[in-house]
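1. Next come a sequence and a model predicted from it.
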Amino acid sequence: MMQHAAPGGFANHWHLVHLGKFALGGAGLILTESTAVSPVGRIGQDDAGLWEDGHIEPWRQVVDFVHQCGAAIGVQLGHAGRKAGSKSLWESGRALTPQEMKDIDPRWARIGPSPIPAGEGWSAPQEMTLSDIEGVKNEFTQAAKRAHQAGFDVIELHFGHGYLITSFLSPISNQRTDGYGGSLECRMRFAVEIAACVRDVWPQEKPIWCRISVVDGAVGGWSVDDSIELVLRLQEIGIDVMDCSSGGLTEQTNALPVARGLGFQVPFSKRIKADTGITTQAVGMILDAQQAEDVLTSGGADLVAIGREALFDPYWPLHAQWTLERDPEFTDWNLRHKVWLSKRQAFLDTLKT
């Protein structure tokens with residue numbers, strides 16, 4: 001969930017509290033918001049970053065606190081590409097004009113595989129040269145090295161939601177005629193190369209997640225079958241988990257919508273898991289403990305991730321545990337909390353007798 005609370009890309013007290021509360025709430029793994037690998041790749045002006053060494057220590061403070069609470073933490077590395085430069089949702093979410101982006105930071109620009117805008121209100125991105133492509137691969141590589149120095153346990157590569165890598169995958173946004181466009185194999189090349197670069201520098205004992213839009217929602221765009229081919233290639237490289245989302249390529253998404261309901265994206269993770277054997281993570285309108293348990297026991301996914309529900313209830317994992325298996329001793333709660341909660345529960349139980 002983008003926070004737009006990191007001026008200059010630097011994590012700060014907001015991130016310590018924002019992410020730290022999920023560790024206190026019993027999360028097994030916390031994933032940061034999309035963290036930019038370069039200032040060019042920011043979604044919003046104050047997005048978190050790992051594009052310079054100065055970002056390492058602020059993140060390390062967050063990571064250390066999460067570890068002290070017994071949780072693991074991963075960083076989601078991303079590049080906004082042609083969807084760079086927008087207002088936060090609470091400020092309308094509109095696309096900034098190229099001049100507004102330049103006034104904020106001369107480095108900030110929209111780039112992509114082809115000069116095709118992301119939709120109405122968006123300017124056309126600069127078509128990336130082969131040198132630009134190599135540069136972005138290096139930015140992901142260096143960000144991964146910094147993530148390790150900061151102590152993160154996991155990297156999640158954000159290859160979904162219409163951002164830079166997604167725009168290379170889709171035949172709608174990628175109309176190149178060189179080795180990075182045209183056939184499915186060529187359109188997947190950039191994603192595969194970035195994943196390989198990150199895997200090479202990320203310790204083998206630490207896993208890598210990859211978030212994709214299993215379908216991009218656009219007519220004639222990226223399909224489930226395409227995603228299966230991509231996942232098979234990523235498996236060969238050593239990607240460990242596929243985080244299965246959908247949509248986001250263009251405004252044309254409205255022409256081929258994914259019906260939204262409870263657990264509406266679980267079928268995507270189930271299909272990817274069944275056809276490739278890779279570990280999958282389900283996301284999207286997973287609201288309560290029993291629903292999450294059913295996703296796991298039915299083979300819909302190996303992992304369940306929550307976003308908005310975590311904002312609604314940072315203690316969601318521990319409350320889910322309480323729902324499924326009541327523990328009056330609050331065994332898995334933080335030491336500084338559970339003693340008081342167990343006393344509270346003992347008193348409440350006396351009122352029921």
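-> Ah, there it is.
2. which residues does residue 329 contact?
-> Contact analysis of residue 329 by Cβ atoms under 8 Å, 6 or more residues apart in numbering lists 338, 342. Glycine gets a C-beta too; all of them are placed from N, C-alpha and C.
3. ugh, wrong one, I meant residue 305
-> If you count contacts by Cβ under 8 Å, 6+ apart, residue 305 has them with 31, 243, 281-283, 286.
4. go on, residue 44?
-> 2, 4, 85-88.
5. Please identify which pair of those lies farthest apart.
-> The distance between the two most remote of the contacts of residue 44 (Cβ to Cβ) is 13.3 Å, for 2 and 85.
6. For the stretch 101-250 of the chain, just list every one of the strands.
-> For the stretch 101-250 of the chain, the strands defined by DSSP state E, counting those that start in this stretch cover 111-112, 126-127, 154-159, 208-213, 241-245.
7. Put together a markdown table for these, with mean pLDDT, mean neighbour count and distance to residue 76 on each row.
-> Output for the strands of the stretch 101-250 of the chain, formatted as a markdown table (pLDDT from 0 to 100; neighbours: other Cβ atoms under 10 Å; distance: least, Cβ to Cβ, whole Å):
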| stretch | mean pLDDT | mean neighbour count | distance to residue 76 |
| --- | --- | --- | --- |
| strand 111-112 | 98 | 26 | 20 |
| strand 126-127 | 98 | 14 | 24 |
| strand 154-159 | 98 | 25 | 4 |
| strand 208-213 | 98 | 25 | 7 |
| strand 241-245 | 97 | 26 | 9 |
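8. can you tell me which of those strands comes nearest to residue 178?
-> strand 126-127 (10.6 Å).
9. that older thread, shared neighbours of residue 2 and residue 85, anything?
-> Counting by Cβ under 8 Å, 6+ apart, the residues touching both residue 2 and residue 85 are 43-44.
10. Of the contacts of residue 44, which is the nearest to residue 214?
-> residue 2 (21.0 Å).
11. contacting residues for the nearest residue to the closest one once chain neighbours are set aside?
-> Sequence neighbours aside, residue 33 is the residue nearest to residue 2 in space, at 5.0 Å (criterion: Cβ to Cβ, 6 or more residues apart in numbering). Contact analysis of residue 33 by Cβ under 8 Å, 6+ apart lists 1-3, 47-48, 76.
12. Where do the helices of the stretch 51-200 of the chain begin and end?
-> Along the stretch 51-200 of the chain, counting by DSSP state H, counting those that start in this stretch, helices occupy 56-68, 98-104, 130-150, 164-169, 184-201.
13. Out of those helices, which is the most enclosed?
-> The highest mean neighbour count among the helices of the stretch 51-200 of the chain, using mean count of other Cβ atoms under 10 Å, belongs to helix 164-169: a mean of 27.
14. So which elements touch it?
-> strand 111-112, strand 154-159, helix 184-201 (3 or more Cβ pairs under 8 Å, 6 or more residues apart in numbering; DSSP states H and E).
15. which residues sit against that helix?
-> So helix 164-169 is in contact with 41, 78-82, 111-113, 118, 125, 136, 157-160, 173-174, 180-181, 187-191, 194, 212-213, 216, 222, 226, 230, 248-249, going by Cβ under 8 Å, 6+ apart.
16. try it again with 6 Å
-> 79, 81-82, 112-113, 159-160, 173-174, 187, 190-191, 222 (Cβ atoms under 6 Å, 6 or more residues apart in numbering).
17. got JSON lines for the residues you listed, with distance to residue 20 too?
-> Formatted as JSON lines, the entries for the contacts of helix 164-169 read as follows, by distance: Cβ to Cβ, whole Å:
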{"residue": "79", "distance to residue 20": "27"}
{"residue": "81", "distance to residue 20": "31"}
{"residue": "82", "distance to residue 20": "34"}
{"residue": "112", "distance to residue 20": "36"}
{"residue": "113", "distance to residue 20": "38"}
{"residue": "159", "distance to residue 20": "28"}
{"residue": "160", "distance to residue 20": "26"}
{"residue": "173", "distance to residue 20": "37"}
{"residue": "174", "distance to residue 20": "39"}
{"residue": "187", "distance to residue 20": "39"}
{"residue": "190", "distance to residue 20": "35"}
{"residue": "191", "distance to residue 20": "32"}
{"residue": "222", "distance to residue 20": "36"}
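18. right, and out of these, which lies closest to residue 334?
-> For these, the nearest to residue 334 is residue 160 (33.0 Å; Cβ to Cβ).
19. Who is the closest residue to the closest one other than its chain neighbours paired with across the strands?
-> When the adjacent residues along the chain are set aside, residue 160 lies closest to residue 213, with 4.0 Å between them (Cβ to Cβ, 6+ apart). Listed by DSSP bridges, the beta-bridge partners for residue 213 are residue 245.
20. Spit out the contact partners of residue 213.
-> Contacts of residue 213 (Cβ under 6 Å, 6+ apart): 160-161, 245-248.
21. What subset of these is buried?
-> 160-161, 245-248 (16 or more other Cβ atoms under 10 Å).
22. Out of these, which is nearest to residue 333?
-> Among the buried ones among the contacts of residue 213, and counting by Cβ to Cβ, the member closest to residue 333 is residue 245, at 30.6 Å.
23. Can you point out the buried residues in stretch 5-23?
-> Buried, per 16+ other Cβ under 10 Å, within stretch 5-23: 5-6, 9-12, 15-16, 18-23.
24. Format the residues you listed as JSON lines; extra columns: pLDDT.
-> Formatted as JSON lines, those follow (pLDDT from 0 to 100):
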{"residue": "5", "pLDDT": "98"}
{"residue": "6", "pLDDT": "98"}
{"residue": "9", "pLDDT": "98"}
{"residue": "10", "pLDDT": "98"}
{"residue": "11", "pLDDT": "98"}
{"residue": "12", "pLDDT": "98"}
{"residue": "15", "pLDDT": "98"}
{"residue": "16", "pLDDT": "98"}
{"residue": "18", "pLDDT": "98"}
{"residue": "19", "pLDDT": "98"}
{"residue": "20", "pLDDT": "98"}
{"residue": "21", "pLDDT": "98"}
{"residue": "22", "pLDDT": "98"}
{"residue": "23", "pLDDT": "98"}
